[in-house]
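Visitor: Just a sequence and a predicted model for now, questions to come.
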Amino acid sequence: MARPPLRYLKDPAEIYRRSFETVRREARLGRFPPSMRPLVMRLIHASGMVAIADRIAFSPEAAEVGADALAAGASILCDCSMVAAGIIRTRLPAENEVVVTLHDPAVQALARDLCTTRSAAAVELWRSRLEGAVVAIGNAPTALFHLLERLDEGWPRPAVILGFPVGFVGAAESKAALAADPRGAEFVTLRGRRGGSAMAAAAVNALAAGLPGEGKEGTDD
C-alpha cells in the first residue's frame with residue numbers, strides 16, 4: 001500500500017519568514033539594542049532554542065563594530081572548518097578572507113611545544129591577521145583561552161570576538177573570561193556550556209547580512 005505524500009513547507013522564503021516570525025514572537029529581545037537583534041535572532045534560529053536569549057552576553061557596540069569591520073574587508077578567523085563552512089560567502093560584503101589555521105602543517109609541532117591543544121596552537125598563526133579581524137570560535141574552549149592569553153601579552157586586537165565554544169570542560173569558563181574582560185575588543189558570547197559552530201557561523205552571517213530578506217534579495221538557502 002502506497003504511503004500518502006508527506007505534507008511540509010518547501011518554499012525557502014516562506015520557511016525563513018515563519019522561522020523568524022516565531023523567534024520574534026517567542027524570544028525575549030527587549031534588552032538588546034536594535035543593532036544586536038538580528039544577531040541574536042540568527043543565534044536562536046541556528047540553535048532552535050529561544051531561551052538562549054537570556055544567556056547572551058555582549059558589548060553594546062559589538063554588532064555595529066563587527067559589521068563595519070567586515071564592510072572594510074576584515075579577515076574572519078575561525079577555530080575550525082565547521083565554522084568556516086557555515087559562513088555564507090555570497091553575503092560577505094568585501095569578499096572577506098575566511099581563515100582556518102587548524103590544519104596548517106605547523107600546528108601539531110606547535111601544540112607539542114606549547115603543551116596545549118591543536119586548536120589553541122592554531123591561534124598562534126592568527127597574529128599577522130588579527131588586527132581588526134572578526135574572530136569566530138565555535139568549538140574549542142582552549143582556542144578562546146589562548147587568544148585571551150595572547151591579547152594579554154600585547155597581541156594585535158581584533159574588532160570583535162564571537163565566542164561560542166561548546167562542551168563540558170572549559171567552555172563556560174572561557175566564555176565567562178571573555179565576558180568579564182574582552183581585552184578591549186567588542187564581543188558576543190553565550191554563557192554556559194552551550195554553543196557550537198553553527199552559532200559562531202550564524203553570528204558572522206548576521207554581521208555580514210542581517211536577517212534573510214533584509215536589504216538583499218533572496219534567502220540564505
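Guide: Looks like it came in fine. Numbering: from 1, shown residues only.
Visitor: which of the residues in the lengthiest helix in the chain are buried?
Guide: For the chain, the longest helix by residue count, based on DSSP state H, is helix 12-26. By neighbour count on 16 or more other Cβ atoms under 10 Å, the buried set for helix 12-26 is 16, 20, 23. For every residue, glycine as well, the C-beta is placed using N, CA and C.
Visitor: Mind putting those into a markdown table with distance to residue 54?
Guide: Shown next, in a markdown table, are the buried residues of helix 12-26 (distance: Cβ to Cβ, whole Å):
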| residue | distance to residue 54 |
| --- | --- |
| 16 | 24 |
| 20 | 19 |
| 23 | 14 |
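Visitor: of those, closest to residue 50?
Guide: Lowest distance from residue 50 to those (Cβ to Cβ) belongs to residue 23, with 6.5 Å.
Visitor: Helix, strand, or coil at residue 99?
Guide: strand (DSSP: H, G, I helix; E, B strand; the rest coil).
Visitor: any idea how far it is from residue 11?
Guide: Between residue 99 and residue 11 the computed distance is 35 Å (Cβ to Cβ, to the nearest Å).
Visitor: try residue 169
Guide: Taking Cβ to Cβ, one finds residue 169 at 42 Å from residue 11.
Visitor: cool, and residue 114?
Guide: Counting by Cβ to Cβ, the separation of residue 114 from residue 11 is 50 Å.
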